[in-house]
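Chemist: need a 3D model of the sequence below.
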Amino acid sequence: MSDWGPVFVAVVLFILLTPGLLIQIPGKSRMVEFGNFQTSGVSILVHSILYFALISIFLLAVGVHMYMGA
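Modeler: Below you'll find the model as predicted:
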């Protein structure tokens, strides 16, 4: 049996926290912008910190596990 929980959490968070795809913090003209498909260096830094914090919470504190296979 292999544990696919960390892989699933990492992929979902990566998709959701891609700067400019769904949300961008900070935006070009406002603090939060939605779906503008643009990014900046500061936005990449903020989203990276959020990604690290959320993946740490989900994998270490909550302990998400998904077992697949025989």
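
Chemist: over to the most centrally placed residue in the chain: give its phi and psi.
Modeler: Centroid-nearest residue in the chain: residue 13, 3.0 Å away (criterion: CA atoms, centre = their mean). Dihedral pair for residue 13: phi -70, psi -40, per degrees, to the nearest 10.

Chemist: pLDDT score for it?
Modeler: pLDDT, residue 13: 93.

Chemist: next: residue 56.
Modeler: pLDDT recorded at residue 56 is 92.

Chemist: give me the neighbour count for it.
Modeler: Neighbour count of residue 56, defined by other CB atoms under 10 Å: 11. Just so you know, the C-beta spots here come from the backbone N, C-alpha and C atoms, and that holds for glycine as well.

Chemist: doesn't it lie inside a helix?
Modeler: Yes: if the criterion is DSSP: H, G, I helix; E, B strand; the rest coil, then residue 56 is within a helix.

Chemist: okay, it and residue 62: tell me how far apart.
Modeler: Using CB to CB, to the nearest Å, we find residue 56 at a distance of 10 Å from residue 62.

Chemist: the residue nearest to the centre of the chain: what's it in contact with?
Modeler: Applying CB atoms under 8 Å, 6 or more residues apart in numbering to residue 13 gives the contacts 51, 54-55, 58.

Chemist: of those, grab the buried ones for ChimeraX.
Modeler: Filtering the contacts of residue 13 down to the buried ones (16 or more other CB atoms under 10 Å) takes a single ChimeraX command:
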select :51,55,58
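
Chemist: save the contacts of residue 13 as CSV, and put in distance to residue 29 too.
Modeler: Listed next are the contacts of residue 13 as CSV, based on distance: CB to CB, whole Å:
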residue, distance to residue 29
51, 24
54, 26
55, 29
58, 32
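
Chemist: closest one of the contacts of residue 13 to residue 35?
Modeler: Closest approach between the contacts of residue 13 and residue 35, by CB to CB: residue 51, at 18.7 Å.

Chemist: assumed that closest one was part of a strand.
Modeler: No: per three-state DSSP, residue 51 lies outside any strand segment and is helix.

Chemist: wait, what's in contact with it?
Modeler: By CB under 8 Å, 6+ apart, the residues touching residue 51 are 13-14, 17.

Chemist: now the strands for the protein?
Modeler: Counting by DSSP state E, residue ranges of the strands within the chain are 2-3, 23-24, 33-34, 67-68.
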